[in-house]
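Peer 1: Need a 3D model of the following:
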Amino acid sequence: MLSWEYPQEYTPMRHSRTSTARSARAPAPTGAGGGLLSARDLAAAWFLVVLIAVPAWALTIGQARDMGVEPGTMGVELPLFLLLWVTMMAAMMLPSMAPVAITWVRGIGRQSSGWSRAARTVEFVGGYLLVWTAFGLLAYAALAFTGGLVDDRPTAGRWIGSAAFLLAGLYQLGPLKYVCLRHCRDPMSHLMHYAGFRQPARDLRVGLHHGTYCVGCCAGLMVVLVPLGVMNVAAMAGLAVVIFVEKLWSRGPLLARIVGVTFLVLAVLAPFQYWLLPGLQGSMPSMDGM
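Peer 2: Take a look at the predicted model:
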């Protein structure tokens with residue numbers, strides 16, 4: 001079953017020497033019964049997540065319909081690429097990081113409400129997305145490099161795709177993945193630590209820190225967008241589901257290993273099955289032309 005583990009009570013004012021003793025895991029509260037969030041607050045928080053994620057997905061799908069799937073950066077300049085990238089990350093990541101954001105905002109916002117709480121939320125999410133923007137710079141460089149190689153030598157796409165799947169598979173099975181995944185699955189001890197952060201920009205720093213762990217957790221999955229296509233909506237949706245389940249399912253680490261082994265199998269098949277590499281082939285028709 002999907003779950004998220006919370007402590008029975010959490011506020012920044014209560015972060016103290018007792019935090020170690022209180023780091024024991026407890027079942028995720030879902031509303032009535034003394035949980036961190038009431039059923040009404042929890043429903044409102046998830047409604048806000050949906051309100052953000054749905055338009056992000058709509059914008060991403062709309063852009064993909066216009067652009068199709070091509071190698072490299074598809075002729076998109078860096079500023080527009082970063083805008084599209086952040087929109088994609090908002091669509092893919094917000095559902096899985098929502099429990100952390102909800103918990104943090106609830107914890108630090110007990111003495112604030114209205115616009116003050118909204119500003120703290122924006123600051124936290126802004127820090128989170130800023131890390132993904134920085135990762136987008138690396139993604140743009142990688143796409144520009146591989147796109148240039150494919151333009152010069154189209155057959156190189158088979159080996160680029162195989163290398164990308166190999167790298168992604170090894171990362172999924174490696175230790176850094178599980179350090180970061182453990183943080184994303186059980187962030188409460190870190191949130192208690194964050195409560196000791198001082199101003200200025202405390203919430204921004206928390207978002208940056210958590211975003212860094214999230215990038216570390218998902219970097220291997222993002223690598224496969226090179227062979228699959230950075231604007232491949234089906235690939236993005238599949239990865240979003242994997243990310244969500246990895247972080248919230250009780251057997252998420254097992255899924256991460258299965259996905260890693262799958263990538264290794266695809267690395268072996270890629271040089272011989274070119275249909276596995278839509279993002280490294282010539283220009284494919286846009287969705288409007290299909």
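
Peer 1: and stretch 91-111, what's its mean pLDDT?
Peer 2: Stretch 91-111 shows a mean pLDDT of 72.

Peer 1: who are the neighbours in contact with residue 219?
Peer 2: Applying C-beta atoms under 8 Å, 6 or more residues apart in numbering, we find residue 219 in contact with 135, 171. To be clear about C-beta, it is placed using only N, CA and C from the backbone, and glycine gets the same treatment.

Peer 1: let's see it at 7 Å
Peer 2: residue 171 (C-beta atoms under 7 Å, 6 or more residues apart in numbering).

Peer 1: next one: phi and psi at it?
Peer 2: Residue 219 has phi and psi values of phi -60, psi -40 when expressed as degrees, to the nearest 10.

Peer 1: likewise the one 10 residues further on?
Peer 2: Taking degrees, to the nearest 10, you get phi 110, psi 120 for the backbone angles of residue 229.

Peer 1: Give me the distance between it and residue 279.
Peer 2: As judged by C-beta to C-beta, to the nearest Å, residue 229 and residue 279 stand 3 Å apart.

Peer 1: Please say which of these two ends up with more neighbours.
Peer 2: residue 279 (29 against 26; other C-beta atoms under 10 Å).

Peer 1: my read: that one touches residue 231, true?
Peer 2: No: counting by C-beta atoms under 7 Å, residue 279 stays clear of residue 231, with 8.5 Å between them.

Peer 1: which residues in the stretch 1-150 of the chain form helices?
Peer 2: For the stretch 1-150 of the chain, the helices defined by DSSP state H, counting those that start in this stretch cover 39-67, 78-108, 115-152.

Peer 1: Least reliable of the ones you listed by average pLDDT, please.
Peer 2: For those, where the average pLDDT is lowest is helix 39-67, sitting at a mean of 67.

Peer 1: Please list all residues in contact with residue 244.
Peer 2: In this structure, residue 244 makes contact with 95-96, judged by C-beta under 7 Å, 6+ apart.

Peer 1: Name the helix or strand for it, please.
Peer 2: helix 233-248 (DSSP states H and E).

Peer 1: Report the mean per-residue pLDDT for that helix.
Peer 2: Mean predicted confidence for helix 233-248 is 87.

Peer 1: Buried residues, stretch 157-172. List them.
Peer 2: Across stretch 157-172, burial judged by 16 or more other C-beta atoms under 10 Å covers 157-158, 160-169, 171-172.
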